[in-house]
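Enquirer: need coordinates for the following:
(one chain, ligands or ions: 1)
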Amino acid sequence: MSFKLKPLPYSKDALAPHIGAETLEIHHGKHHQGYIDKLNEAVEGTGDADKSLDTLIETARGDLFNNAAQSWNHAFYWQSLSPQGGGGPKGALLARVKQDFGDVEALKKALAEAATGQFGSGWAWLTLTAEGKLEVESTADADNPLRHRKRPLLTIDVWEHAYYLDHRNERGRYVEAVLEHLLDWQFAQTNYER
Ligand code: MN
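Expert: So this is what the prediction gives:
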């Protein structure tokens, strides 16, 4: 058994102009594929070959962890975005946002700060703690909240390869575009209710 790259859940030009087709071509087809290829090379013929990605993230170290987590993180990131994204949470998730952040604008501000404030490569996350509380955080490089016993609800990739072709060095512009136009709150709701 080996890990496989799933197709994007939308066409390559569906997120333009915020994230263009060339970015998705390279980010999905080269970067994400590359992490999966390296993961498969690392587990081939070992006892790790039959483990799930979640198990590898919780237990692996070093490059094996990095490639497992980056494989997971990117699959989750594609699902965190939608051509019909933007807006905000509804229903039970909205009620929880009000409880933990006051309002949706405060949550978006926290996400923007986590995403733009992460020094170097990493990820910004909306997570759910074991106690059922919403948190916003950033992680460095490949790190993933599952490793810290939190459930990811949404993520934003803030590695430069996620935005450089569309926004050059202006990470803040990319983050604002993702928050305003692309973030899929329905996906967050599904993860919240799971
Ligand atoms: Mn990436």
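Enquirer: element containing residue 54?
Expert: Residue 54 belongs to helix 53-59 when assigned by DSSP states H and E.
Enquirer: pull out the buried positions in that helix.
Expert: The neighbour-count check on helix 53-59 (16 or more other C-beta atoms under 10 Å) flags 53, 56-57 as buried. Bear in mind the C-beta positions are built from the backbone N, C-alpha and C, glycine included.
Enquirer: ditto for stretch 139-148
Expert: Neighbour counts over stretch 139-148 (16+ other C-beta under 10 Å) mark 139, 142-146 as buried.
Enquirer: which of these lies at the shortest distance from the ion?
Expert: Ranked by distance to the ion (C-beta to the ion), the buried residues of stretch 139-148 are led by residue 142 at 9.7 Å.
Enquirer: tell me who's in contact with residue 125.
Expert: By C-beta atoms under 8 Å, 6 or more residues apart in numbering, the contact set of residue 125 is 114, 136-139, 145, 150, 152-156.
Enquirer: mind doing that once more with 7 Å?
Expert: By C-beta atoms under 7 Å, 6 or more residues apart in numbering, the residues touching residue 125 are 137, 139, 145, 152, 155.
Enquirer: quick check: phi and psi at the residue nearest to the third one when sequence neighbours are not counted.
Expert: Counting by C-beta to C-beta, 6 or more residues apart in numbering, residue 127 is the residue found nearest to residue 145 once chain neighbours are left out, at 4.6 Å. Phi and psi for residue 127, reported as degrees, to the nearest 10, are phi -130, psi 170.
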